[in-house]
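Enquirer: Show me how the following folds:
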Amino acid sequence: MSGIRFLGTVLLAALAVPVQAQIPSSVVQSEKHRFRVVTLTTGLAHPWSVAFLPDGRMLVTEREGRLRLIGTDLKLHPQAIEGLPAVVAQGQGGLFDVVLHPDYSRNGWIYWAYNAPGPGGWGTALARGQLQGLRMTNVRVLFSMSPKTRGGQHFGGRIVFDRQGMVYLTLGDRGEKDRAQALDDHAGSVIRLHDDGRVPQDNPYVGRPGARPEKWTMGNRNIQGAAMHPQTGVLWAHEHGPQGGDELNLMHAGRNYGWPVVTHGVNYGSGTRIGEGQSKAGMEQPLYVWTPSIAPSGMSFVAGDRFPNWRGDLLMGALRGQMLLRLVLDGDKVVREERLLQGQAGRLRDVRVGPDGLVYLLNDDAEGALLRLEPAGP
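Expert: Alright, predicted model coming up:
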């Protein structure tokens, strides 16, 4: 099918078993850069996301529900930050993304996504607060998905701001695939809000009877990586397929991304077709597809001068694939993929380009680590 690139042909059913990372200490030679992988901080329990405070400190979420502070000396503070709403650590659910407001230096707002309890079970929510010492203050829940259920799968949980200051939150289908095609259900979508939680009146489903006005897209299975393109301002996101068919998509208001009506994956175990096939009129086709699945995670566009030969590329972690991917872009097309650190740094949960232009990685392990890629000369 034109415009889509497939990697591999064999579909694998089982997820890879997490292993303790064998983090390389020597120089890694990639196609465009030589770099070292430096371990900055250890002792993190299944870390999910990292955010950079202006004073050089860092915030890291742990899936079990703790928000941790790493000092300028790169030491992990022994006490978790207090004041967050209750987090349900169930299955894949827990504390997810953490990001700073684009105007953080003025307003001090910090946003986080988490699995929140409520009537009928739990589901992904968005909150914000202001950090005072080791306590989050002025905390307010801006959004909480509905309906809530008791499953342990597919929470989404990535947060992205656009140039206008709107905030986007990704939601999974909660393991109940038909919910992704229901306009009266938040599951399986990207939602869009003002930074204070108000619903923008130009959201695509505002005013439609029975539709959830926060919804901005629909037909998404489980988006665990999202980033705004630095030049175009378009939201790029990937989502996990079932057995095969992980997707990279360009996200646009009111679009239907097809799950579970169309997919490039198949049913686990049986390998039988899901839905109606791989395409249908009125449903979006992915920009790029991985088969077999790699279980993509956090992603970030490369900017700055520390890795000039990667500038404009898209870096992405992989959980099942246990690697860092570098996608070379030509406009809205992926023209090349380079696989780095395969099996050497464990299940990579988050990938961020820091304010210093260096690349930061989080290793999803019971004894997880914050890693940094540093240039190693020509």
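Enquirer: Quick check: the closest residue in space to Gly108 that isn't next to it in sequence vs Met136, distance?
Expert: Leaving out its chain neighbours, the residue that sits closest to Gly108 by CB to CB, 6 or more residues apart in numbering is Gln130, at 4.4 Å. For every residue, glycine as well, the C-beta is placed using N, CA and C. In this view, Gln130 and Met136 are 7 Å apart by CB to CB, to the nearest Å.
Enquirer: go on, Val335?
Expert: Val335 is 43 Å from Met136, by CB to CB.
Enquirer: who's more crowded, those two?
Expert: The residue with more neighbours, out of Val335 and Met136, is Met136; 20 against 10, by other CB atoms under 10 Å.
Enquirer: which residues does the more buried one contact?
Expert: The contact partners of Met136, taken as CB atoms under 8 Å, 6 or more residues apart in numbering, are Leu67, Ile81, Glu82, Gly83, Leu84, Ile110, Gly129, Gln130.
Enquirer: So it lies in a strand, does it not?
Expert: Yes - Met136 sits within a strand when classified using DSSP: H, G, I helix; E, B strand; the rest coil.
Enquirer: top of the contacts of Met136 by neighbour count?
Expert: Busiest of these [other CB under 10 Å] is Leu67, holding 25 neighbours.
Enquirer: and the closest residue in space to Leu171 that isn't next to it in sequence, what pLDDT?
Expert: Leaving out its chain neighbours, the residue that sits closest to Leu171 by CB to CB, 6+ apart is Gly156, at 4.3 Å. You'll see Gly156 listed with a pLDDT of 98.
Enquirer: ok, Gly156 - how many residues close by?
Expert: 33.
Enquirer: how much space is there between it and Tyr168?
Expert: From Gly156 over to Tyr168 the distance is 11 Å, taken as CB to CB.
Enquirer: again, but for Gly304
Expert: Distance from Gly304 to Tyr168, by CB to CB: 23 Å.
Enquirer: And for Asp350?
Expert: Remark: distance between Asp350 and Tyr168 (CB to CB) = 17 Å.
Enquirer: Between these two, tell me which one has more neighbours.
Expert: Per other CB under 10 Å, whichever of Asp350 and Tyr168 has more neighbours is Asp350, with 27 against 22.
Enquirer: Would you mind measuring from that one to Val37?
Expert: In terms of CB to CB, Asp350 sits 15 Å off from Val37.
Enquirer: hmm, back to that, so which of the contacts of Met136 is the closest to Arg339?
Expert: Of all the contacts of Met136, Arg339 sits closest to Leu67, with 31.7 Å by CB to CB.
Enquirer: Let me know the secondary structure of that closest one.
Expert: What three-state DSSP gives for Leu67 is strand.
Enquirer: How about the contacts made by the nearest residue to it once chain neighbours are set aside?
Expert: The shortest distance from Leu67 to any non-neighbouring residue, by CB to CB, 6+ apart, is to Ile81 (4.3 Å). Residues near Ile81 by CB under 8 Å, 6+ apart: Leu59, Arg66, Leu67, Arg68, Leu69, Leu131, Leu134, Arg135, Met136.
Enquirer: which helices and strands does the host helix or strand of the first one pack with?
Expert: Secondary structure from DSSP states H and E places Leu59 in strand 58-62. Here strand 58-62 is seen to pack against strand 34-44, strand 47-52, strand 66-70, strand 95-100 when contacts are counted using 3 or more CB pairs under 8 Å, 6 or more residues apart in numbering; DSSP states H and E.
Enquirer: Now render these as TSV, adding mean pLDDT and distance to Lys177.
Expert: Formatted as TSV, those follow (pLDDT from 0 to 100; distance: least, CB to CB, whole Å):
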stretch	mean pLDDT	distance to Lys177
strand 34-44	97	32
strand 47-52	98	24
strand 66-70	98	31
strand 95-100	98	21
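Enquirer: Could you export these as CSV, including distance to Arg311?
Expert: Shown next, in CSV, are these (distance: least, CB to CB, whole Å):
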stretch, distance to Arg311
strand 34-44, 14
strand 47-52, 19
strand 66-70, 27
strand 95-100, 22
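Enquirer: Out of those strands, which is closest to Gln181?
Expert: Closest among those, using CB to CB: strand 95-100, at 23.6 Å.
Enquirer: tell me the average confidence for the helix or strand following that closest one?
Expert: Using DSSP H and E, the helix or strand that follows strand 95-100 in sequence is helix 104-107. On average, the pLDDT along helix 104-107 is 98.
Enquirer: Pull the distance from helix 104-107 to the chain's centre.
Expert: 24 Å (CA atoms, centre = their mean, to the nearest Å).
Enquirer: What of stretch 69-80?
Expert: Relative to its parent chain, stretch 69-80 has a centroid offset of 23 Å by CA atoms, centre = their mean.
Enquirer: Pull the residues that contact it.
Expert: 40-44, 55-60, 62, 66-68, 81, 134, 370.
Enquirer: Skip the chain neighbours and tell me the closest residue to Asn309.
Expert: Excluding its sequence neighbours, the residue lying closest to Asn309 (CB to CB, 6+ apart) is Lys32, at 3.7 Å.
Enquirer: Which pLDDT value does the model give that neighbour?
Expert: Looking at Lys32, its pLDDT is 96.
Enquirer: neighbours around it, how many?
Expert: Neighbourhood size, Lys32 [other CB under 10 Å]: 15.
Enquirer: quick one: secondary structure of it?
Expert: Assignment for Lys32 (three-state DSSP): coil.
Enquirer: Tell me if I'm right that Val38 and Leu371 touch.
Expert: Yes - checked against CB atoms under 8 Å, the pair Val38 and Leu371 is within contact range at 6.8 Å.
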